[in-house]
Each structure stands twice: as C-alpha cells, then as structure tokens.
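In: structural data only, the sequence is not supplied:
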C-alpha cells in the first residue's frame, strides 16, 4: 500500500509540474525577447557605422568618377569644337587667299595680254617695214642687172644671190602673213606666256629670213662690183651699185 501511495504521489507531482510548466512559458513570452549585452550592441553599431562609411565612400568615388568623366567629355567636346572652328577658319582663309590669287592672276593675265599684244604689234610693224625696204632694193638691183647684161657684164653670180634674197624675203612675208592669226589665238589663250613663246618662235623665223635676204643682197652687190671691175665698164655704174649696198637695212 505504501508503494502505491508513493507512486500516486509521484504521478500527482508530475501532473502538477506539467500544469505549471506551460504557465511559466507563457509568462516568459509575455516578458518579451531577451536583451543582448551592451557590448554586443556596440559591436553591431560599429559594424553598421563602418558599412555606412564604406557605402558613403563608394558613392563619393562613383560621384567623383562621374564628374571626372563628364569633365573629360566636356574637354574632348571643347577640343573638337575648337578644332572644327580652327579648320573652318583655315578653310575660309584659304578660300579668301584663292579668291585674291585668282583676282591677281586675272589682272596679271590681262596685263600680260596687253603688253604682249603691243609688243607683237611693234615687231610686226618693224618687220613689215624691213620686208618692204628689202623688196625695193631687190627690185632696183634686178633692174640694174638687166642693164648690165645689156652692157656685156657677166651677172650670173649676182643673179643667183639676188634670187636667194628674193626667196628669203618671200619666206619672211609668208611667215608674217600668219602672225595676226597667231596673235588672235594668243588673246584667247588661258596661258599667255606659253602663247608668247609660240609667237616668239614665229617672229624668230621671220627675222632669220629677213637677215638671210639681207645677206644675199650684200652678196649680190659684191658680185656686181666684181663683175663691173672685170668688164672695165666705168666708175659710174660701180658707184650706183655701191649706193644700193648702203640702202639695204635689217629690222
């Protein structure tokens, strides 16, 4: 009986303990969460502050990098704009210089044309006059050769020289007959200097022909003098031929 009583008492205690235990748990829950020690709180705060500082530093670095990138882009854009403006200024200067150069070239072109036209006209007039004078001498010597032949003077050599003089002066006359056309071509040329070289070549050919004709006339006069001396005709005829020699001129 004692054992049964003891067992019943133990069961009663366990039941009481079971009833008391939930009540204690509820009381603990009603009191709230357990507050950690103050040292742990300070450690958490320090970590939070460090994290906040790192985040702030990161934000500041990103801001600085963004500002630096913006400044760099602005400088690049400014340099590009300055370069474009400089290129445009240089282009405008080049166009202005080209316009001035074109105007100067046009003025020089007109001036060169006028100067060369005047020079060509003077040369043509002088050569035409020389051709006319030489032709007059040729005509007079031709007439005298006929008269000397009638007097029995051998004028064979003189006649050949006179024919040479006539051929050369005819050549000069032919060259000069085309000079006006060449001058007209020169006026319409875009390169007056090159055209003037062509004109100079033509004038040189005409001048050489006139000189050759003049030399042939001098040879004709010399041959006639020698023929008259050989024929012993007289002083009068020889003097007339000598006068013809002095009348021949070059341009």
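Out: In hand now; what should we look at? Remember, predicted model here, so these are calculated numbers, not experimental data.
In: give me the neighbour count for residue 198.
Out: 13 (other C-beta atoms under 10 Å). For glycine as for every other residue, the C-beta is placed from the backbone atoms N, C-alpha and C.
In: give me every residue that touches it.
Out: 182, 186 (C-beta atoms under 8 Å, 6 or more residues apart in numbering).
In: how much space separates it from residue 160?
Out: Separation of residue 198 from residue 160 (C-beta to C-beta, to the nearest Å): 34 Å.
In: can you give me the helices in the stretch 51-200 of the chain?
Out: For the stretch 51-200 of the chain, the helices defined by DSSP state H, counting those that start in this stretch occupy 156-177, 179-187, 192-231.
In: what residues sit buried inside the second one?
Out: Buried residues in helix 179-187, counting neighbours by 16 or more other C-beta atoms under 10 Å, are found at 179, 182, 183, 186.
In: about what we covered before: got TSV for the helices of the stretch 51-200 of the chain, with mean pLDDT and distance to residue 150 too?
Out: Output for the helices of the stretch 51-200 of the chain, formatted as TSV (pLDDT from 0 to 100; distance: least, C-beta to C-beta, whole Å):
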stretch	mean pLDDT	distance to residue 150
helix 156-177	96	14
helix 179-187	80	41
helix 192-231	90	12
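In: so which of those helices is nearest residue 91?
Out: Closest approach to residue 91 among the helices of the stretch 51-200 of the chain (C-beta to C-beta): helix 192-231, 30.6 Å.
In: quick check: angle from the closest one to helix 156-177?
Out: For helix 192-231 against helix 156-177, the angle by axes from the mean of the first three to the mean of the last three C-alpha atoms, to 10 degrees is 160 degrees.
In: what angle do helix 192-231 and helix 179-187 make?
Out: 160 degrees.
In: name the residues of helix 192-231 that are buried.
Out: 192, 195-196, 199, 202-203, 206-207, 209-210, 212-217, 219-221, 223-225, 227-228.
In: just stretch 124-138 next, same as before
Out: Neighbour-count burial for stretch 124-138 flags 124, 127, 128, 130, 131, 133, 134, 135, 137, 138 (criterion: 16+ other C-beta under 10 Å).
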